[in-house]
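Participant: predicted model and sequence below, questions to follow.
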Amino acid sequence: MLNIIYTLLPIFLLIALGYYFNIKNTFAEGFWSGIEHLCFYVLFPALIIRSLALSDFDKFPAASLSYTMGFAVVSMLVIMSILYFPVRAIGMSGESYSSIFQGSTRWNTFAMLAIIEGFYGDFGVSIGAIGIAVMVPILNISNVIALAVMVGKNAPSLKNICLLIARNPFIIACLIGLTINFLDIDLWPPLDSMLSLLGRAALSLSLLAVGVGVSLKSLKSAGWPVSFAMFTKLGLMPVLMYFLGTYFGLQGMPLTIAILCGGAPTAAASFILSRKMGGDSPLMANIISAQTLLSIVTIPLILYIIGV
């Protein structure tokens, strides 16, 4: 248990530092938005490209990992879609349930890749990148459609959905990294070093940005919807990953990484999507903050139970 605490403590201290910077208004307004854009469009794509380009896919069951993550995500999406009808019947608005839906299905890739890198290094990140390649397209499409339906707006066209996926820098980075790997292209050493430096910056800056997004004040108004979203995302989702991973023959590091990806708090970008599409953005902010804080307990607990 001590090695888990020592590995995770620097990560959670960086999140706490980001929270401190935010409440003290250490940096000018808009600074953290710029950091998030830098991480999303430059730093993390660089990390993913290098990790996938240098990975030896013969060393882990990529197909079984893909099946596990894909089926787990689809299973949660089906569960949350079914629950929409009884929850609406008891009086909850579609706008509010759309926040629960996002909070139960999406995951914070920033925080989880940092944790995976802390335990397993670049090789672990390459396994986590498989999760990005499988889960991000499914979640992007399903959440945009779900919000359109639940909030009462027209569903996006097939063209817009395709553009949403095609423009996602994480997906682009996965395609570039996999192409380099499969074509057996050696990275030019200066380029490799540059990608490595960018990747290191991604991990620290993204964790600071996660801390900036935490709001303790918003938790005062949290109710059962927040608790429900915490249960489904931090409790049910990693359990689904475990059973499906076991079914598909995963074990050891790949199984642990799949469970960690399942047990990650929801994505901070959920708030932006909720606000843009007319969802319940205050509830979404509560869910993001509550899950991020609770994950400080649940993630070490998951690792301890697994026996890392």
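Facilitator: All right, it came through fine.
Participant: which stretches of this protein have low pLDDT?
Facilitator: Within the chain, the set of residues satisfying pLDDT under 70 comprises 1-3, 153-158, 164, 218-222, 308.
Participant: report the secondary structure state of the residue nearest to Leu240 when sequence neighbours are not counted.
Facilitator: The spatially closest residue to Leu240, leaving aside those adjacent along the chain, is Ala72, at 4.5 Å (C-beta to C-beta, 6 or more residues apart in numbering). Any C-beta I mention is one placed from the backbone N, CA and C, and that applies to glycine too. Three-state secondary structure (criterion: DSSP: H, G, I helix; E, B strand; the rest coil) places Ala72 in helix.
Participant: same thing with Cys162?
Facilitator: Secondary structure of Cys162, reduced to three states by three-state DSSP: helix.
Participant: burial check on it, number of neighbours?
Facilitator: 12 (other C-beta atoms under 10 Å).
Participant: mind listing what it touches?
Facilitator: Taking C-beta atoms under 8 Å, 6 or more residues apart in numbering as the contact definition, Cys162 lies against nothing.
Participant: quickly note the distance from it to Met69.
Facilitator: With distances taken as C-beta to C-beta, to the nearest Å, Cys162 is found 22 Å from Met69.
Participant: and Asp58, by the same measure?
Facilitator: From Asp58 over to Met69 the distance is 19 Å, taken as C-beta to C-beta.
Participant: settle it for me: which of these two has more neighbours?
Facilitator: Of the pair Asp58 and Met69, Met69 is the one with more neighbours under other C-beta under 10 Å, namely 26 against 7.
Participant: that one: what's it in contact with?
Facilitator: 130-131, 134-135, 241, 258, 261-262.
Participant: change it to 7 Å
Facilitator: Met69 is in contact with 131, 134-135, 258, 261, counting by C-beta atoms under 7 Å, 6 or more residues apart in numbering.
Participant: what about it, which helix or strand?
Facilitator: Secondary-structure element containing Met69, defined by DSSP states H and E: helix 62-89.
Participant: same question for that helix: list its buried residues.
Facilitator: By neighbour count, and taking 16 or more other C-beta atoms under 10 Å as the criterion, the buried residues in helix 62-89 are 62, 64-73, 75-77, 80, 83-84, 87.
Participant: what of stretch 7-25?
Facilitator: 8, 11-12, 14-15, 17-19, 21-22.
Participant: ok, Pro300 - how many residues close by?
Facilitator: Counted by other C-beta under 10 Å, the residues lying close to Pro300 total 18.
Participant: let me fix that, I meant to ask about Lys276.
Facilitator: Once other C-beta under 10 Å is used to define contacts, Lys276 is seen to have 10 neighbours.
Participant: check which helices and strands the stretch of helix or strand it belongs to is in contact with.
Facilitator: For Lys276, the host element (DSSP H and E) is helix 269-277. Under the contact criterion of 3 or more C-beta pairs under 7 Å, 6 or more residues apart in numbering; DSSP states H and E, the helices and strands touching helix 269-277 comprise helix 94-105, helix 109-151, helix 281-306.
Participant: most packed of those helices?
Facilitator: Using mean count of other C-beta atoms under 10 Å, the stretch among the helices and strands packed on helix 269-277 with the largest mean neighbour count is helix 94-105, at a mean of 25.
Participant: contacting residues around stretch 190-210?
Facilitator: Stretch 190-210 is touched from outside by 11, 14-15, 17-18, 21, 32, 35-36, 39, 42-44, 46-47, 49-50, 108, 110-111, 114, 117, 268, 292, with contacts defined as C-beta under 7 Å, 6+ apart.
Participant: if you set the cut-off to 6 Å instead, what comes out?
Facilitator: Here stretch 190-210 makes contact (C-beta atoms under 6 Å, 6 or more residues apart in numbering) with 14-15, 18, 32, 35-36, 39, 43-44, 46-47, 50, 110-111, 114, 117.
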